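Engineer: Sequence first, predicted model second:
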Amino acid sequence: MTPKTFPQSEHITLHELADGVYAALAQEYGLGASNSGIVDLGDRTLVFDTTLSPASAADLRNAAEYLTGRPVDCVLNSHWHLDHVLGNTVFAPETEFYATTRTSEIMVEKIPENILELKKHWPEQQAEWAEKAKMAKDEAERVDYEDGVRFAQKIIDTFLQLELRLPDRTFTDRIEFKGTKRSVEFVTYGGGHTDSDAILHLPAERIVFSGDLLVIKFHPSLIDGRPREWLDILAKIKLLDPVQLVPGHGRLGTLVDVTSIERYINEILQMAEKNWGEGGTAESAAALQPPTFTEGWNNIEGFALNMKFLHEAVQH
Ligand SMILES: [Zn+2]
């Protein structure tokens with residue numbers, strides 16, 4: 001591999017996984033909010049997922065063009081969640097977008113409404129933080145809230161660009177992209193994290209871009225999906241025997257990290273079943289302590305939401 005100078009971005013950091021294969025990891029205080037990827041097929045350039053914001057996606061697009069020396073030909077959306085698709089809008093009209101048929105349907109159902117909610121939420125959140133900054137009990141708290149106000153403004157600044165860009169091509173099983181340099185497959189095993197999740201698999205390099213089917217040191221979100229099917233999908237990903245995995249959130253990983261998510265889903269399912277079996281409520285499920293092995297994981301607020309969701313799920 002020839003060492004490359006990567007374009008700098010406040011939103012994403014680039015990692016070369018193989019010659020022409022890059023992970024773009026979300027920076028902690030950037031607007032990316034989820035990981036994405038860039039793959040040079042030799043004669044075409046492919047991008048996997050487009051982050052939360054047009055600002056971070058513009059950096060992703062620039063990086064893809066710089067690193068591969070050509071415009072982005074194809075963009076793949078792993079699933080419908082906003083932090084993986086709202087960057088779609090910054091790509092050129094001739095770029096072809098791919099997603100599963102079901103993901104495309106959910107995008108039509110949910111995203112216009114979600115964009116409206118986002119446009120309502122952030123100005124309110126900013127006003128709340130501005131007010132709290134004025135009443136802060138000390139300097140550190142004031143600085144924290146003022147950072148929040150600036151962060152909210154960065155999001156608000158992208159509102160004019162926010163719009164739904166739908167997939168041009170959909171599939172129900174798998175699509176192979178045969179390039180002059182490598183062949184890759186965009187595959188779905190059904191829905192686990194959402195109603196439909198797809199992964200990008202590079203068989204020769206044994207790399208998987210997993211979307212949110214794998215997240216690392218981060219509470220996965222179970223509330224839009226089907227936890228038991230999720231476990232089946234993770235078993236199928238393990239059979240691909242990847243040596244590198246790019247999760248939807250968190251650092252780069254390996255199969256050990258897949259085991260952590262399996263353990264998480266299994267343990268909290270058992271907790272929800274036990275709580276329900278003992279006559280507990282959704283509230284008592286949500287009030288339980290997360291498993292000790294998840295100490296230090298991000299997205300801690302996701303745990304209570306997962307438990308409330310599982311409280312309902314285990315009754316069916
Ligand atoms: Zn997601």
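Structural biologist: Yes, it's here.
Engineer: Now for Ala33, how many residues are close by?
Structural biologist: Neighbourhood size, Ala33 [other Cβ atoms under 10 Å]: 21. (Each C-beta comes from the backbone N, C-alpha and C, glycine too.)
Engineer: Surely it touches Thr51?
Structural biologist: Yes - Ala33 is within contact range of Thr51, at 6.4 Å (criterion: Cβ atoms under 8 Å).
Engineer: Next to the ion, which bits of this structure? Give me the list.
Structural biologist: Neighbours of the ion within the chain, by Cβ under 5 Å from the ion: 81, 212.
Engineer: so where does the closest residue to Gln315 other than its chain neighbours fall, helix or strand?
Structural biologist: Using Cβ to Cβ, 6 or more residues apart in numbering and skipping the chain neighbours, the partner closest in space to Gln315 is Trp276 (6.4 Å). Here Trp276 sits within helix 255-277, counting by DSSP states H and E.
Engineer: Let me see the domain layout of the chain.
Structural biologist: 12-100+169-255, 105-161, 265-313 (automatic domain parsing).
Engineer: In contact with the nearest residue to Asp195 once chain neighbours are set aside, which residues?
Structural biologist: Distances taken as Cβ to Cβ, 6+ apart place Arg102 nearest to Asp195, at 5.6 Å, with adjacent residues excluded. Shown in contact with Arg102 (Cβ atoms under 8 Å, 6 or more residues apart in numbering): 172, 191, 195-196.
Engineer: If any of those residues are buried, give me the ChimeraX selection for them.
Structural biologist: This is the ChimeraX syntax for the buried subset of these, where burial follows 16 or more other Cβ atoms under 10 Å:
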select :191,195,196
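Engineer: Which two of the contacts of Arg102 have the greatest separation?
Structural biologist: Thr172 and Asp195 (12.8 Å; Cβ to Cβ).
Engineer: Point me to the residue of the stretch 51-200 of the chain nearest the ion.
Structural biologist: The ion sits closest to His81 of the stretch 51-200 of the chain, with a gap of 3.4 Å, by Cβ to the ion.
Engineer: That residue is in contact with Asp212, isn't it?
Structural biologist: Yes - the criterion here is Cβ under 8 Å, and His81 meets it with Asp212 at 6.8 Å.
Engineer: what residues are shared contacts of the two?
Structural biologist: Common neighbours of His81 and Asp212 (Cβ under 8 Å, 6+ apart) are 34, 194.
Engineer: measure stretch 22-37 end to end?
Structural biologist: 6 Å (Cα to Cα, to the nearest Å).
Engineer: Now that stretch: average pLDDT?
Structural biologist: Mean pLDDT, computed over stretch 22-37, is 95.
Engineer: Pick the most buried one from the domains of the chain.
Structural biologist: domain 12-100+169-255 (a mean of 21; mean count of other Cβ atoms under 10 Å).
Engineer: All the strands of this structure, residue numbers only.
Structural biologist: Counting by DSSP state E, the chain has strands at residues 12-18, 21-26, 36-40, 45-48, 74-76, 96-100, 169-171, 174-178, 183-188, 198-202, 207-215, 244-249.
Engineer: Pull up the gap between Asp49 and Leu116, please.
Structural biologist: 23 Å (Cβ to Cβ, to the nearest Å).
Engineer: For Val75, which residues are in contact?
Structural biologist: Taking Cβ under 8 Å, 6+ apart, one finds 46-48, 50, 88, 91, 95-98 in contact with Val75.
Engineer: any weak-confidence spans in the chain?
Structural biologist: Residue ranges of the chain with pLDDT under 70: 1-4.
Engineer: Residue of the stretch 151-300 of the chain nearest the ion, please.
Structural biologist: Asp212 (3.5 Å).
Engineer: Now do that residue against Leu60, distance only.
Structural biologist: 17 Å.
Engineer: again, but for Val246
Structural biologist: For Val246 relative to Leu60 (Cβ to Cβ), the value is 13 Å.
Engineer: ok, now Tyr22?
Structural biologist: 10 Å.
Engineer: and for these two, which residues touch both?
Structural biologist: Contacts common to Tyr22 and Leu60, judged by Cβ under 8 Å, 6+ apart, are Ile38.
Engineer: I'd like the distance from whichever helix in the chain runs longest to the chain centre, please.
Structural biologist: Taking DSSP state H as the criterion, the chain has its longest helix at helix 101-134. Relative to the mean C-alpha coordinate of its chain, helix 101-134 is positioned 16 Å out (Cα atoms, centre = their mean, to the nearest Å).
Engineer: Now for Tyr66: which residues touch it?
Structural biologist: So Tyr66 contacts Pro7 (Cβ under 8 Å, 6+ apart).
Engineer: go on, Arg165?
Structural biologist: So Arg165 contacts 85, 88-89, 91, 97 (Cβ under 8 Å, 6+ apart).
Engineer: so who does Leu202 touch?
Structural biologist: Applying Cβ under 8 Å, 6+ apart, the residues near Leu202 are 18, 21, 39, 182, 184, 208.
Engineer: closest to Trp122 among these?
Structural biologist: Of those, the one sitting nearest to Trp122 (Cβ to Cβ) turns out to be Val39, at 32.3 Å.
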